[in-house]
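Q: Quick one: sequence and predicted model below, then my questions.
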Amino acid sequence: MIAQHQRVKSIPDWLLALSATLLAQSASSFMGQCLPVVAPLLTRANGLEPERIGNLSSLNSLGACLFLAFGSPILARLGPVRSMQIGALTAAAGMALAATGSWPALVIAALMLGIGYGPTPPSGSRILARTAPPAHRTLIFSIKQAGAPAGGALAGLIVAPIAAYYGWPAALLVAVGVGSLAALVISPLRAMMDEERDRRRSVHPRDIFSVANVMTPVRALTEDPAMMSISALALSFAIVQGVLFSFSVTYLTEAGMSLGEAGLAYACMQGAGVFARIFLGYLADRTGQPAANLTVQAFIAAGCVFAYAGLPPHPPLALAAAVALLAGFFGCSWNGIYMAEIARLAPPHKVADATSGSTLLVFLGYVAGPSLFAAAVPLWGWQVPYRLAALQLAVMAVFQSVKLLRAAGRFRRG
């Protein structure tokens, strides 16, 4: 044990922190994306319309909102690593429940998946804000956030074939093992990364569910208008990402592709997001203008999603994969830049609270986007809702551009 501890201490703190948060992010995303990947089989088995997967995606996001709203005392008391461990195990338990197959179990499981994911954003931001070198902060945050599409890509590559050959319950049990293993692997890092936890912080239900506790992350976010502005743009991105991740496999199979082909195109979308989050995070560090970079990216992403909505019936795999790749590259790679900007703008002692408040706002997009999309499909089909999602992102980018130009004008006059 002493030798192992010495080996760990010989590794830079920021690299250990990045490794732990990246693994937790990847495992959480893998579990969260399993339900959308097996959606065509899952909804058919329950005799439901295919767009009903959007309701489960919204419940997943609602679960995350619940933790972000009420979980600050738990994070402060247990520390970020222990919170991520408990989150991973909660999500794994949800996947085990989902594998039983009944619709009521799936509803509860989706909520548990979201609650299990909830600790990941504030815990990761708290750890990385303390350890990341300032000159590479956005890049490091973006690498951590690359774990989300990496987990989703693995879900498309691994879970879809397992579901096709062995049934979707067997595929969900794979996710149980992934979540449990991730919780075990990051355990040795707790002694170093949870050393600042507040052992005296109360986690009594009356404190967790108090109005003062709920308002803590909200107040931390609203202290700086710049944090609210970047969070609003991130919310708009979240609507786009939510509908892309929730419905893509179903959208492509409804267009005439097989589950395996749709899973491969979905993996291309997610895989592009892995590279894009790292590359665009690096670019934001180099330009020193992350908010401006993110605004330009929003315009490009809106165009890519609009093109994705225009795929023809029975699209060739190469075409579907290429368009999905572009949509994933620009539409699903904003997270690290946005989180690094929140961590930069927030006071050091309020990073976790500001991240919780901002992520809570952003997750409203993950809740509303899939629910509204699912309601729109019976009325207008699959393409119009995707185009509406792209349009709202373009409109938000226009508003953000105006704010940036006004801020630049004030800076020049000053």
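A: It's in.

Q: Tell me where the stretch 301-414 of the chain has helices.
A: 317-331, 335-345, 351-380, 383-413 (DSSP state H, counting those that start in this stretch).

Q: got a pLDDT number for the residue nearest the centre of the chain?
A: When Cα atoms, centre = their mean is applied to the chain, the residue found nearest the centroid is residue 148 (5.8 Å). On pLDDT, residue 148 comes in at 79.

Q: Without its sequence neighbours, what residue ends up closest to it?
A: Leaving aside its chain neighbours, residue 148 sits nearest to residue 29 (4.3 Å; criterion: Cβ to Cβ, 6 or more residues apart in numbering). Using the backbone N, CA and C atoms, a C-beta is placed for each residue, glycine as well.

Q: number of nearby residues for the one you found?
A: Residue 29 has 25 neighbours, counted by other Cβ atoms under 10 Å.

Q: I'd guessed it sits against residue 145; true?
A: No. In this structure, residue 29 is not within contact of residue 145 by Cβ atoms under 8 Å, at 9.7 Å.

Q: backbone phi and psi for residue 227, please?
A: Backbone torsions of residue 227, given as degrees, to the nearest 10, read phi -70, psi -40.

Q: Would you agree it is in contact with residue 354?
A: Yes. Assessed by Cβ under 8 Å, residue 227 is found in contact with residue 354 at 6.4 Å.

Q: These two: which is more packed in?
A: Using other Cβ under 10 Å, the more surrounded residue of residue 227 and residue 354 is residue 354, with 28 against 22.

Q: roughly how far apart are the more buried one and residue 76?
A: Using Cβ to Cβ, to the nearest Å, we find residue 354 at a distance of 14 Å from residue 76.

Q: now do residue 165
A: 45 Å.

Q: before we move on, the earlier item: please, which helix or strand holds the residue nearest to residue 148?
A: helix 13-37 (DSSP states H and E).

Q: cool, and residue 232?
A: Applying DSSP H and E as the criterion places residue 232 in helix 225-254.

Q: now the angle between helix 317-331 and the next helix or strand after that helix, please.
A: Per DSSP H and E, the first helix or strand lying C-terminal to helix 225-254 is helix 259-287. Comparing the axes of helix 259-287 and helix 317-331 via axes from the mean of the first three to the mean of the last three Cα atoms, to 10 degrees yields an angle of 30 degrees.

Q: centre of the chain versus helix 259-287, how much separation?
A: 13 Å (Cα atoms, centre = their mean, to the nearest Å).

Q: pLDDT averaged over it, what's the number?
A: On average, the pLDDT along helix 259-287 is 88.

Q: and what of stretch 42-57?
A: Mean pLDDT, computed over stretch 42-57, is 82.

Q: which parts of that stretch are buried?
A: 42, 43, 50, 51, 52, 53, 54, 55, 56, 57 (16 or more other Cβ atoms under 10 Å).

Q: who are the neighbours in contact with the last one?
A: The neighbours of residue 57, taking Cβ atoms under 8 Å, 6 or more residues apart in numbering as the test, are 35, 36, 110, 242, 245, 246, 366, 370.

Q: Next, give phi and psi for it.
A: Torsion angles, degrees, to the nearest 10, at residue 57: phi -60, psi -40.

Q: How about the first one?
A: For residue 42, the backbone dihedrals are phi -60, psi -50 (criterion: degrees, to the nearest 10).

Q: now stretch 52-64: how far from the chain's centre is it?
A: Distance of stretch 52-64 from its chain centroid, counting by Cα atoms, centre = their mean, is 13 Å.

Q: by how many degrees do the helix holding residue 29 and helix 259-287 diverge?
A: 150 degrees.

Q: how far out from the middle of the chain is helix 13-37?
A: 10 Å.

Q: element containing residue 173?
A: helix 168-185.

Q: now that helix: how far from the chain's centre is it?
A: 18 Å.

Q: hmm, who's touching it?
A: Residues outside helix 168-185 that contact it (Cβ under 8 Å, 6+ apart) are 23-24, 26-28, 30-31, 34-35, 37-38, 41-42, 45, 84-86, 88-89, 91-92, 95-96, 98-101, 116, 155, 158-160, 162-163.

Q: next structured bit after it?
A: Using DSSP H and E, the helix or strand that follows helix 168-185 in sequence is helix 190-193.

Q: just checking, what packs against that following helix?
A: With contacts taken as 3 or more Cβ pairs under 8 Å, 6 or more residues apart in numbering; DSSP states H and E, helix 190-193 sits against helix 13-37, helix 80-98.
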